[in-house]
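Chemist: Structure for the following, please:
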Amino acid sequence: MDGRRTVWRGVAKFALGVLLFVALAQAGTVALAWWRGEIARLGAGDALWLLSLPVLVGIYLRWFSVLRPDCTACVPDDRTRPGGPAGP
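Modeler: You can find the predicted model right below:
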């Protein structure tokens, strides 16, 4: 049962990551269009995307990036390494 839970947790994290990426792409597109002056009148949907951009970036940094507190990508492994080049 615990193995199934781990698989579903991985699938859910992947799906949420894809949704987050799509939302960030849309919010970034709207923000860039607004910055360039391509949006003459800011509608409710555009304003929602603009306001959600910092929140989406915060979610990415907190739960999906290498800057999250529980990330072990940069932790050195426990194996002993030779102290020098491995040449003859």
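Chemist: any low-confidence regions in this protein?
Modeler: 1, 77-88 (pLDDT under 70).
Chemist: State which helix of it is the longest.
Modeler: Counting residues, the longest helix in the chain under DSSP state H turns out to be helix 2-36.
Chemist: which residues does the residue most central in space within the chain contact?
Modeler: Among the residues of the chain, the one closest to the centroid is Y60, at 3.6 Å (CA atoms, centre = their mean). With contact taken as CB atoms under 8 Å, 6 or more residues apart in numbering, Y60 is in contact with 20, 24. Quick note: C-beta positions are derived from backbone N, CA and C, even for glycine.
Chemist: related to what we said a few turns ago, in the longest helix of the chain, what counts as buried?
Modeler: 20, 23-24, 27, 30-31 (16 or more other CB atoms under 10 Å).
Chemist: Tell me the one of those residues nearest C74?
Modeler: L20 (21.9 Å; CB to CB).
Chemist: Provide a list of residues in contact with that closest one.
Modeler: Contacts of L20 by CB under 8 Å, 6+ apart are 56, 59-60, 64.
Chemist: quick one, phi psi at L67?
Modeler: Dihedral pair for L67: phi -90, psi 0, per degrees, to the nearest 10.
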